[in-house]
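> Sequence first, predicted model second:
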Amino acid sequence: IPVDPFDLTIFGGTGDLARRKILPGLYRRFRAGQMPETSQIVGAARSDLTEDQYRDEVHEALKEFISKDKLESNAVDGFLSLLRYVSIDATGDKGWSELKEHQRGDHISAFYFSVAPSLFGPIAERLHEHGIADASTRIVVEKPFGRDLETARKLNQTLAQHFDETQIYRIDHYLGKETVQNLMALRFGNVLFEPLWNSQYVDHIQITVAETVGVGGRGGYYDRSGAMRDMVQNHLMQLLCLIAMEPPSQFEPDAVRDEKLKVIRALDPVKPEELVRGQYTAKGKTPSYLHDVENEDSRTESFMAMKVNVSNWRWAGTPFYLRTGKRLRARQSEIAVVFKDAPHSIFGEEAGRHRNILTIRLQPNEGMTLGVTIKEPGPGGMRLIDVPLDMTFADALGAENDNVTDAYERLVMDVIRGNQTLFMRGDEVEAAWAWTDPIIESWESRDRRPYPYEPGSSGPEESAMLLHREERRWREIR
Ligand code: BG6
């Protein structure tokens, strides 16, 4: 369904995120016919570029990030013709009146702040000073949204001076992933799962976001953040919320976000002995973390595993195990809901132990698998085996259904539609930091080095121990 015509300005329009994600995503929506041709995309950045030069840059980005067979010349030309460029000084006067000329009152107007958070305030101020923003303007902001509770609060206050909460779209791109949204469809669109979705039937839940990439190239940022700030406080926390939350009464922004907030507030502090931090070493030609961040003394973690308890009636006694890391064996993001054993086995000891596991795969190979126990076919008697009931979206929905829609393009279209459901509210972000801060403080005060792990492994041995000592084990990363 096409959206209404819009003027979208991207501050940081020549930056990495704009090149890699935002502009290619917008192109795909244009090509899919979702974007009215009277829309405008205005790149705004410091560089002195002409409009043609900017179009050339964006064209290069499309060639780099979109497969060739999707770059038909009429689609590309059509898209490039929507682009404008304004050379702007975020903290000065240059460019603002020109930017104003690009705003047409009868279009939806949105501003994507794809810039350092220190520029949020100055840009917001100028948008108002120059009469560019009004009560209908939408703004999009990116992580990192602060580096602790205090800085997040300040950012929220800065934005609140200029915009109402209903105008602010805080992106966590994990919420734009197909499978993440499917998690809600699975839980609240089926009668099958929800009755079992509690500590009576679920033994534990694992959330894994494993990456093969290292931090080379963005070491400066990463070394000041680490896995906790870069991934856990936002992406893994959001996944946890969607699994753990109570059914909202409607699929409506505040109803959903109220329920997520309750989950964050129900999280127990994490005990130091239930948390493992790791740092990758060198192997063969792969440089170590310390080398990647050019800091021999760094104690920042590139891997993190922990046990999290959600203290409420639904989840008391069912731990959530979270882990994420760089340079692991495979790129694999998944949620595994491990159900309890059947209360009584009528098949005797030799039938073995069988557990239902629901695996929700975010990437690669998006889909879900439910492991069910059946009789082993054949005349061998009543022997049990586990088989997967598999739903891979690409197979089930057909290749034609282009559900590889990137998270960013989905979310940007939601901004244009004015739907905040998949965006974080200010109080949610603050609550997440309020939970994260003491955990970070506790390891900083003990000044421990992260455990080393080899590139291509599943993280440090200690991470496996975290589950072993409770007679559980991580699902394999492969
Ligand atoms: C970003 C993190 O938010 O998410 C990166 O800053 C990480 O460090 C990335 O690599 C992972 O996103 P995705 O979509 O590739 O899983």
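Structure received. Note that the structure is a prediction, hence the values are computed from the model and not measured. Numbering: from 1, shown residues only.
> count of neighbours near the residue nearest to residue 147 when sequence neighbours are not counted?
Once flanking residues are discounted, residue 147 sits nearest to residue 229: 6.0 Å by C-beta to C-beta, 6 or more residues apart in numbering. For glycine as for every other residue, the C-beta is placed from the backbone atoms N, C-alpha and C. Neighbourhood size, residue 229 [other C-beta atoms under 10 Å]: 22.
> What is the one helix or strand residue 435 maps to packed up against?
Residue 435 is part of helix 426-446 when elements are defined by DSSP states H and E. Under the contact definition 3 or more C-beta pairs under 8 Å, 6 or more residues apart in numbering; DSSP states H and E, helix 426-446 sits against helix 149-162, strand 168-170, helix 253-265, strand 275-280.
> Try it again at 6 Å.
helix 149-162, helix 253-265 (3 or more C-beta pairs under 6 Å, 6 or more residues apart in numbering; DSSP states H and E).
> Highest mean neighbour count out of those?
Each of the helices and strands packed on helix 426-446 was assessed for mean neighbour count using mean count of other C-beta atoms under 10 Å. The highest is helix 253-265, with a mean of 19.
> so that helix versus helix 426-446, what angle?
20 degrees (axes from the mean of the first three to the mean of the last three C-alpha atoms, to 10 degrees).
> Which among the helices and strands packed on helix 426-446 is found nearest to the ligand?
In terms of C-beta to the nearest ligand atom, the element of the helices and strands packed on helix 426-446 nearest to the ligand is helix 149-162, at 15.8 Å.
> now the angle between helix 426-446 and that closest one, please.
Angle, helix 149-162 to helix 426-446, by the same axes, to 10 degrees: 160 degrees.
> Touching helix 149-162 from outside, list them.
Helix 149-162 is contacted from outside by 117, 120-121, 124, 128, 145-146, 168, 426, 429-430, 433-434, 437, using C-beta atoms under 6 Å, 6 or more residues apart in numbering.
> Alpha carbons of that helix, in PDB - could you do that?
Listed next in PDB are the C-alpha coordinates belonging to helix 149-162 (Å, rounded to 0.1, in the frame of the first residue of the first chain):
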ATOM      1  CA  LEU A 149      20.700   6.600  32.200                       C
ATOM      2  CA  GLU A 150      21.900  10.200  32.800                       C
ATOM      3  CA  THR A 151      22.900  10.900  29.200                       C
ATOM      4  CA  ALA A 152      19.800   9.200  27.900                       C
ATOM      5  CA  ARG A 153      17.700  11.400  30.100                       C
ATOM      6  CA  LYS A 154      19.400  14.500  28.900                       C
ATOM      7  CA  LEU A 155      18.800  13.500  25.300                       C
ATOM      8  CA  ASN A 156      15.200  12.900  26.000                       C
ATOM      9  CA  GLN A 157      14.900  16.300  27.700                       C
ATOM     10  CA  THR A 158      16.600  18.000  24.800                       C
ATOM     11  CA  LEU A 159      14.200  16.500  22.300                       C
ATOM     12  CA  ALA A 160      11.200  17.100  24.600                       C
ATOM     13  CA  GLN A 161      12.000  20.900  24.600                       C
ATOM     14  CA  HIS A 162      11.200  20.900  20.900                       C
END
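> could you pull out the strands for the stretch 251-400 of the chain?
With strands called from DSSP state E, counting those that start in this stretch, the stretch 251-400 of the chain shows them at 275-280, 303-308, 320-325, 332-339, 357-363, 367-375, 384-392.
> The second one and the ligand in contact?
No. Strand 303-308 lies apart from the ligand when judged by C-beta under 6 Å from any ligand atom; the minimum separation is 12.1 Å.
> Which strands and helices lie in contact with that strand?
Strand 303-308 is packed against strand 275-280, strand 320-325, with contacts defined by 3+ C-beta pairs under 6 Å, 6+ apart.
> For residue 239, which of those strands is the nearest?
Nearest of the helices and strands packed on strand 303-308 to residue 239, taken as C-beta to C-beta: strand 320-325 at 8.5 Å.
> starting at the chain centroid, how far to that closest one?
Mean-position distance between strand 320-325 and its chain equals 14 Å (C-alpha atoms, centre = their mean, to the nearest Å).
> List the buried residues of the very next helix or strand once past the helix holding residue 435.
Downstream of helix 426-446, the next assigned helix or strand under DSSP H and E is strand 451-453. For strand 451-453, burial by neighbour count (16 or more other C-beta atoms under 10 Å) applies to 451, 453.
> Show me what strand 451-453 pairs with in its sheet, parallel or antiparallel.
Strand pairing for strand 451-453, determined by DSSP bridges: strand 275-280 (parallel).
> May I see the buried residues of the partner strand?
Neighbour-count burial for strand 275-280 flags 275-280 (criterion: 16+ other C-beta under 10 Å).
> Make TSV out of those and add distance to the ligand.
Below are the buried residues of strand 275-280 laid out as TSV (distance: C-beta to the nearest ligand atom, whole Å):
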residue	distance to the ligand
275	19
276	19
277	16
278	15
279	15
280	14
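> Turn these into CSV, columns for distance to residue 447.
Shown next, in CSV, are these (distance: C-beta to C-beta, whole Å):
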residue, distance to residue 447
275, 15
276, 16
277, 12
278, 16
279, 14
280, 20
